[in-house]
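Colleague: Sequence below, structure please.
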Amino acid sequence: METVIKISCKDEKGLVHKITGVLFSKLVNVTQTNEFVDELKERFFMRVSFTGEADLISLKQEIEVVLPYDAQVEVIPPAKKRVFICVTKEHHCLGDLLIKSQFEDMPFSIVGVLGNHALLAPLCAQFSIPFKHVAAQGLTREEHEAQVKQIIDAENPDLIVLAKYMRILTPDFASAYLGKMINIHHSFLPAFVGANPYQQAFQRGVKIIGATAHFVTDDLDEGPIICQDVVSVNHSYDAKQMSKAGKEVEKMVLAKALQLVLEDRVFIHENKTILFD
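Modeller: Down below sits the predicted model:
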């Protein structure tokens, strides 16, 4: 696996030359570079991957020295990321991620699954993944989230995936995991926000349905979008058929978004994302 460097700073001339110069001095092998400049904001973004041995602490310090004062530099060593998944009753996204983790199709390990219903516990058991059931009945939203947060924090995951976790999160809970919690939404945002999206789509007579994967913020379904896709439908589809097609695109979009984040190819810039694929 490769080491990845992510850089965000004020744009100025010669940045790529300075950064690659530091890497050349360390005698590492650069395998890929990607750059983007937001000209309106005068902001420079760069992702670099390399192989070879280097002292990552000193490497980070030497890169920071040659960059503008406001530079944000991450040097990310090669390692599988630890992912925690939250679910409710729908199995399709969870099942897809369990299979991808089991067969190492993506560079992550699932450290636990939590559900506000116990329905998916047997599925997790088939993959020897621990499942925690935290029922919401009889609890305030804050009390329920306190229990959920305690379980998540005990696992110290790198990422949290809401794989059809059908709970509206409080701003405090969402804010606790900014930049590390991903949600899959059952529509091509911003259309059909809320419950029963496929019934809404059927009643509206839509010709495409889609899914959106985004980072979670304290503004419901309004976080930075990572990935979106759509599939075509027609007048012959009822709500059930639309739901079946929608679940397929949900799985695909979530997996693609997670792959990008796992490979450190995503920058959050204000309320948008920059993707280097």
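
Colleague: contacts, neighbours, all on C-alpha from now
Modeller: Noted.

Colleague: Low-confidence stretches in the protein?
Modeller: Within the chain, the segments meeting pLDDT under 70 span 188-195, 197-198.

Colleague: Need the residue closest to the centroid of it.
Modeller: Residue closest to the mean C-alpha point of the chain, counted by Cα atoms, centre = their mean, is I182 at 4.1 Å.

Colleague: State the three-state secondary structure for that residue.
Modeller: Secondary structure of I182, reduced to three states by DSSP: H, G, I helix; E, B strand; the rest coil: strand.

Colleague: State the number of residues packed around V266.
Modeller: V266 has 20 neighbouring residues, counting by other Cα atoms under 10 Å.

Colleague: Could you give the number of residues near the closest residue to it other than its chain neighbours?
Modeller: Spatially, and ignoring its direct neighbours in sequence, V266 is nearest to L275 (4.8 Å; Cα to Cα, 6 or more residues apart in numbering). By other Cα under 10 Å, the residues close to L275 number 18.

Colleague: Who are the contact partners of L275?
Modeller: I226, L260, R265, V266, F267 (Cα atoms under 8 Å, 6 or more residues apart in numbering).

Colleague: Do I have it right that the residue nearest to the centre of the chain meets T217?
Modeller: No - the criterion here is Cα atoms under 8 Å, and I182 misses it with T217 at 9.5 Å.

Colleague: thinking again about what came up before, the contacts of L275 in strands, which ones?
Modeller: Counting by DSSP state E, the contacts of L275 place I226, V266, F267 in strands.

Colleague: need those in JSON lines with distance to K240, can you?
Modeller: Below are these laid out as JSON lines (distance: Cα to Cα, whole Å):
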{"residue": "I226", "distance to K240": "27"}
{"residue": "V266", "distance to K240": "34"}
{"residue": "F267", "distance to K240": "36"}
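
Colleague: quick one: which of those residues is nearest E62?
Modeller: For the ones in strands among the contacts of L275, the residue nearest E62 by Cα to Cα is F267; the value is 21.7 Å.

Colleague: Now do the same contact list for the closest one.
Modeller: T273, I274, L275.

Colleague: Please, where are all the strands along the stretch 101-250 of the chain?
Modeller: Under the criterion DSSP state E, counting those that start in this stretch, strands of the stretch 101-250 of the chain are mapped to 108-115, 131-133, 159-162, 181-185, 208-215, 225-232.

Colleague: quick one: the closest residue to E142 other than its chain neighbours and E155, what's the gap?
Modeller: Leaving aside its chain neighbours, E142 sits nearest to T170 (7.5 Å; criterion: Cα to Cα, 6+ apart). Here the criterion is Cα to Cα, to the nearest Å. By it, T170 lies 21 Å from E155.

Colleague: ok, now K256?
Modeller: 24 Å.

Colleague: Which of those two has more residues huddled nearby?
Modeller: Per other Cα under 10 Å, whichever of K256 and E155 has more neighbours is K256, with 16 against 13.
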